[in-house]
Structure formats: structure tokens, C-alpha cells
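Enquirer: Take this sequence and fold it.
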Amino acid sequence: MSLYPTKADPEQEEPEPRLRETPEDISFEAAANTIAFHPSQDILAAGDVDGDVYVYSYSCLEGGNRELWSSGHHLKSCREVSFSHDGHKLFTVSKDKSIHILNVEEGRLVTRFSKAHSSALNSLLVIDEHLFATGDDGGMLKVWDLRKGTAIMEMQQHEEYISGMAIDENKKLLLTTSGDGTMGVFNIKRRRFELLSEPQSGDLTSVVLMKRGKKVACGSSEGTIYLFNWDGFGATSDRFAVKAESIDCMVPVTENVLCTGSIDGVIRAVNILPNRVIGSVGQHLGEPIEQLAKSHTGQLLASCGHDQKVKFWDISSLCSVVVDDYRKRKKSGQLKALSSKALGGREDFFADLREEAKAPKEEQEKESDSDDSD
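Expert: Here you go, the predicted model:
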């Protein structure tokens, strides 16, 4: 079975399909929790709250999206999907405590760990061709080795669910974020726990590496991005209040720019150091965003939300964004639209966001400092 859409019969007299700026939305029967792009082909995977997994090929041609296969192996909500680095396997984890590894070409189940954790699985990170890590609702981290078919490291340092994971370029230090407000640091080469950061106010929801691995950014349920220096994991080096209700997910776009998804449905592009909200990439109108993913070309961002849709956004302009240290006061506080789709055809949608850029730096710092935990 080919993973690419078949070409139309040239003898048909239908007009050529229109080329769009981004692929069309993909609609599902249930809300998608998680999405992931294939590392080298125009393919996207999604997992929904019913436990179903879908794999689509996508295209900017009108009508070009095509479902390749779907899988209903999970008994409960699929919480995370991720492709292997070579793109041949798809890893999925579920609230039913199981891990599934599927063949991407056919959707065939290759490996199943049926009772992988004692609590519902929540997060997943593919480390290399043999190793992957999973985190559950009880704060347990496990690192698995496919060569041995079992977990080679099990540690429970968090008191709440593990929300996100990231690893450095050397595949040595694994970072975790948790609902207990801390970031965990684990040395997977030596299979030992290193430390927990000081707790922040609110849940830590996501973690990404920025500035060529020199900075770690963590999102929080309070709408604040916490920054850590690499090798300075105990305490934050900086914090930035994005003035969103929450930051539920983040994805790096460049070494300086990341995108955040929030409960208010807005996808914001944020520059790190200097800390600045650049503007809005897009939105799921009034619906919380569950996850963001960046395509293998770096040109597209995908988002899934409670509106049961996966949407695509053109983020190519973010690659050339340069933010000066000097902060300019804007007369209009409206969040800048970074793509033609960002406005969603509704001027009034940004009415509640107009205060965002209007606040002076001193006020933002004041609000940021008040986020300190006792």
C-alpha cells in the first residue's frame, strides 16, 4: 500500500484542484488528544478520546487529504502518538495503561505492552531506534528498550501526572514536567535520578529545548513560561507571563521562537529572550487546544482541539522573525495576525486579546514575579 495519494485520471474533465495555502481541516467523530507528523513524508497521525488512531496523508491541493488507515486497538483514550525517527513505526500510549507500536505502512500492530504502567499513561517520548520513555498519571517515568522488550529504568519522583518530556542532543538527560509544578531531570545513560526543580505555581504542562539546547522552556497552567539554564535546573533563570489563561502545549519553531496552545483556543508565536508575544498563528474558536506539531519541512504547524478538528497553519514566516531587545509601545494592542487564516474571518474575536500587547513591560514583570510559589 502506498502512503501517497493516487493521481486523478487525466481523462476526467474535472477542473484542476485548487492549490491552498495549507491543507484542509481534518474532522473526526471524537476530539483528538494528540497529533504527530511523519519525519520525512506528508503524513500525520492522530489519536482521539475514544482510543482510535488515524493516519492521514495531507496535501495543499483541495480535497488532497486522505485517510490511509485507522486502528481501534486501545480500549480508552489515546493520550499520545509519536513516529519512530525512521518513520517506519508509530508509538501510541493510552489511558488504558497500554503501549502499542504499529507498522506505519499498514497500521498493523507489531508490539503491545498491555499493562505497561499501574496508572493511566499520559506522555511518550521516542529517544532513538531502541529506546523510548513513558510517563503516567501517578508520576511514574519508565524508559523502555525494544531490544530487551522491557523497561530498563523505572522512577517515581513526581507526585502528579507527567505532562511532557524532552531530551538533549546527546540522549543523556531526560527532562520531565509534572502537574506537581516541578521539572524532573533524569540521567538515562547512568539510569539515575538527578534532581527536581523548585516547584512553580500551577501545573507544568510542557517542556522544550531552545537556544541550541542552552535554555529549557516550560509551559504552565497559569499562562507563564518558565525558563531554565541548561545545567541550572534547580531554579528558573527567567519567567514570562504570556497573558493567556494557560499554556497547555508548546512546540519549538526555531531556536528563538516557539508556538503555544491554550485553553482560549489561540495559538501564539512567542520569542524567547527577549521574551515577546509576536502574534497569533491561528485559533480553534473558543475551543481548548490539546497539542501542536511541526511538519518535517518546518513550513506547517498542526493543532488539534476540542472542536474535533486538526487544523493546519503556515508558519514559514516565523523562520525569518527577528525581535529587537528594544520594546516598542504599540498604539493598537491587537494581537498581530501572522497568517491569512489567523483572523478566522472574525475581527471581534481579538477584542478580548487587545490588552495583551498594551501592558507595559513593568506590569508584565510585576505579574510574572507574583507567580512565585511560596
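Enquirer: For K341, give me the pLDDT.
Expert: The confidence metric pLDDT takes the value 83 at K341.
Enquirer: Can you name the residues that contact it?
Expert: E21, T22, G282, W313, D314 (CB atoms under 8 Å, 6 or more residues apart in numbering). Every residue, glycine included, has its C-beta placed from N, CA and C.
Enquirer: go on, L204?
Expert: S163, G164, T177, S178, G179, G181, T182, M183, C218, G219, S220, Y226.
Enquirer: for it, which residues make a bridge with it?
Expert: Counting by DSSP bridges, L204 is bridged to S220.
Enquirer: How much space separates it from G138?
Expert: 16 Å (CB to CB, to the nearest Å).
Enquirer: Determine how far the helix or strand containing R112 lies from the middle of the whole chain.
Expert: Here R112 sits within strand 109-113, counting by DSSP states H and E. The gap between where strand 109-113 is centred and where its chain is centred comes out at 24 Å by CA atoms, centre = their mean, to the nearest Å.
Enquirer: mean confidence for that strand?
Expert: Strand 109-113 comes out at a mean pLDDT of 97.
Enquirer: Same question for that strand: list its buried residues.
Expert: F113 (16 or more other CB atoms under 10 Å).
Enquirer: hmm, back to that, out of the contacts of K341, give me the one that has the most neighbours.
Expert: Of all those, G282 has the most neighbours under the rule other CB atoms under 10 Å, reaching 29 neighbours.
Enquirer: That residue contacts A269, doesn't it?
Expert: No. Using CB atoms under 8 Å, G282 is not in contact with A269; the gap is 10.0 Å.
Enquirer: what's the distance between the closest residue to T177 other than its chain neighbours and M165?
Expert: Leaving aside its sequence neighbours, T177 sits nearest to L204 (CB to CB, 6 or more residues apart in numbering; 3.8 Å). Using CB to CB, we find L204 at a distance of 11 Å from M165.
Enquirer: which residues are common contacts for these two?
Expert: What both L204 and M165 touch, as defined by CB under 8 Å, 6+ apart, is the set T177.
Enquirer: How far away from the center of its chain is stretch 83-96?
Expert: Offset of stretch 83-96 from its chain centre (CA atoms, centre = their mean): 15 Å.
Enquirer: Right, I'll call it a day here.
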